[in-house]
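Novice: this is the structure alone, sequence omitted:
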Ligand code: ADP
């Protein structure tokens, strides 16, 4: 199993690159943002609760998101690997994910962290808001709040994986293809290393 985390602030291109990575490496895409929006559109109890936080640009409580991920992992026991997008977003989520993957003996292989300047992020998100139908992309105040949440709570998740030497920074500005090529280069290298390692006894 090859599990990777695509990491970066809101608007850094995780969704766009996930689509392309999924197609190339046959990974199952797991986006907590998409899962939450699906709960909202189906008006489930979880969705109603999550919406209150999302509308303000705040993170949804850890236990809600961790429960959701745990369910999806159980539903896809035979996946060849997962691409986590927008998760984990707090250190508590990172620790919970490690525990869930421990049961599967399939740890995170690498965290790819996209780097994009704040001005560029706001520009991209406002532009996306014109067409995405996402209310959290149309209001600059909500966008700034999401970036602030990222700086306060999410950035530390990279430090969590850094202690295991699993973080690779990738420039998130430039053409979509160029960024994709850089991501693939890191993954191909990591996959080679993973394959060369002997099976654990
Ligand atoms: P973006 O990365 O563009 O902000 P997402 O689609 O990943 O968009 O997330 C949208 C919103 O959903 C976030 O602002 C947050 O409120 C909520 N959310 C998504 N993933 C998580 C998570 N892992 N933990 C807590 N809240 C989350």
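Specialist: Received, thanks. Remember, predicted model here, so these are calculated numbers, not experimental data.

Novice: name the element residue 21 belongs to?
Specialist: Taking DSSP states H and E as the criterion, the element that holds residue 21 is helix 14-25.

Novice: skipping adjacent residues, who's closest to the residue of the chain found nearest the ligand in space?
Specialist: Closest approach between the chain and the ligand, counting by C-beta to the nearest ligand atom: residue 33, at 1.9 Å. The C-beta positions use only the backbone N, C-alpha and C, and glycine is treated the same way. The shortest distance from residue 33 to any residue other than its chain neighbours is 4.7 Å, reached at residue 86 (C-beta to C-beta, 6 or more residues apart in numbering).

Novice: how about the one you found, phi and psi?
Specialist: The phi/psi pair for residue 86 (degrees, to the nearest 10) reads phi 80, psi 10.

Novice: sorry, back to before: can you give me the mean pLDDT across the helix holding residue 21?
Specialist: Throughout helix 14-25, pLDDT has a mean value of 96.

Novice: how about the residues of the chain near the ligand?
Specialist: If contacts are counted using C-beta under 6 Å from any ligand atom, the residues of the chain sitting beside the ligand are 10-11, 32-33, 36, 53-54, 57-60, 65, 86-87, 89, 93, 146.

Novice: out of those residues, which are buried?
Specialist: Neighbour-count burial (16 or more other C-beta atoms under 10 Å) applied to these gives 10-11, 32-33, 36, 54, 57, 59-60, 65, 86-87, 89, 93, 146.

Novice: which strands and helices sit next to the strand or helix carrying residue 114?
Specialist: When secondary structure is defined by DSSP H and E, residue 114 falls within strand 108-115. Here strand 108-115 touches strand 3-7, helix 91-104, helix 155-162, strand 167-171, helix 176-196, going by 3 or more C-beta pairs under 8 Å, 6 or more residues apart in numbering; DSSP states H and E.

Novice: so what strands line up beside the first one?
Specialist: Each strand paired with strand 3-7, and its direction, by DSSP bridges: strand 82-85 (parallel), strand 108-115 (parallel).

Novice: spatially nearest residue to the spatially most central residue of the chain, not counting backbone neighbours?
Specialist: Note on the chain: the residue nearest the mean C-alpha position is residue 85, at 2.1 Å, using C-alpha atoms, centre = their mean. Nearest residue to residue 85 in three dimensions, chain neighbours excluded: residue 31, at 4.2 Å (C-beta to C-beta, 6+ apart).

Novice: what distance do you get for that neighbour to residue 5?
Specialist: Distance from residue 31 to residue 5, counting by C-beta to C-beta, to the nearest Å: 12 Å.

Novice: more neighbours: which of the two?
Specialist: Ranked by neighbour count (other C-beta atoms under 10 Å), residue 31 and residue 5 place residue 5 first, with 26 against 18.
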